[in-house]
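Chemist: After the sequence you'll find the predicted model.
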Amino acid sequence: GVLTAVQTLASTALCGIIHSIIGGQPLLILGVAEPTVIMYRFMFDFAKNRPDLGSQLFLAWTGWVCVWTAILLFLLAILGACSIINRFTRLAGELFGLLIAMLFMQQAIKGLVDEFHIPERENPKSVDFQPSWRFANGMFAMVLSFGLLFTALRSRKARSWRYACGSLRGFVADYGVPLMVLVWTAVSYIPAGTIPKGIPRRLFSPNPWSPGAYENWTVVKDMLKVPVLYIIGAFVPATMI
């Protein structure tokens, strides 16, 4: 709950724009990869149990981790560390890609299973958490998930289709995945009428400019409040990121 979906998307978009203008490293992961999410999860568990840090200064401490990460990336670029990629085989790259894919698949399966259960900190007596509605919610989530997966995979092969013009096939092949996300998101709004409001369950994202969330955009002012020991210690997770 410290970071919202809007802030994550905004930061990813900003990094993507900057990298497209001045970046020179190919095949760089600009988005939020699962190993990075796991690292931030461990960092939050570590910070919230420290009385001189706590969850209030978690983002500020994360800011120092990102500062150390930027310094390390600058040093790697200056020293020409990109040439080390020639030492790796194609198998190593494919294994790393397999690791990322497996981690995302694990989270996807876990998310589908959770659709059949009652979420934490929710009222179990609510209508949409009755067994019949929980089953309906889970089955509809599976329809949406496998529908998105199937259509997204099919759209990647659009250039080999025998119908539609070449420009349309190229557009679908290039942008089919985000397009299918929009299509199946629209499909999720079809159930109406007597369906409870909480079905299907949706991502909760508070107003990013609300009084509570607004402080997360100005976390720089809290970075000097982080104890020096934790600023130095931020170097450790930075090397892993």
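Modeler: Cool, got the structure.

Chemist: so where do the strands sit in this structure?
Modeler: Here the chain has no strands by DSSP state E.

Chemist: what separates the residue nearest to Val65 when sequence neighbours are not counted from Asp174, distance-wise?
Modeler: Excluding the flanking residues, the one nearest Val65 by CB to CB, 6 or more residues apart in numbering is Ala234, at 4.4 Å. C-beta: built from backbone N, CA, C; applies to glycine. To Asp174, Ala234 is 39 Å away according to CB to CB, to the nearest Å.

Chemist: okay, those two: which has more neighbours?
Modeler: The neighbour count for Ala234 versus Asp174, taken as other CB atoms under 10 Å, is higher for Ala234 (20 against 14).

Chemist: Which helix or strand in this structure has the lowest average pLDDT?
Modeler: Sorting the helices and strands of the chain by mean pLDDT, DSSP states H and E puts helix 211-217 at the bottom, at a mean of 61.

Chemist: any low-confidence regions in the chain?
Modeler: Scanning the chain for pLDDT under 70 picks out 1-4, 23-34, 205-217.

Chemist: can you pull out the helices in it?
Modeler: All helices of the chain, identified by DSSP state H, fall at 5-22, 34-48, 58-78, 90-114, 131-155, 166-187, 211-217, 228-233, 235-240.

Chemist: As JSON lines, those helices with distance to Gly193 would be great.
Modeler: As requested, the helices of the chain are exported to JSON lines (distance: least, CB to CB, whole Å):
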{"stretch": "helix 5-22", "distance to Gly193": "28"}
{"stretch": "helix 34-48", "distance to Gly193": "37"}
{"stretch": "helix 58-78", "distance to Gly193": "42"}
{"stretch": "helix 90-114", "distance to Gly193": "25"}
{"stretch": "helix 131-155", "distance to Gly193": "13"}
{"stretch": "helix 166-187", "distance to Gly193": "16"}
{"stretch": "helix 211-217", "distance to Gly193": "33"}
{"stretch": "helix 228-233", "distance to Gly193": "53"}
{"stretch": "helix 235-240", "distance to Gly193": "49"}
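
Chemist: Thank you, goodbye.
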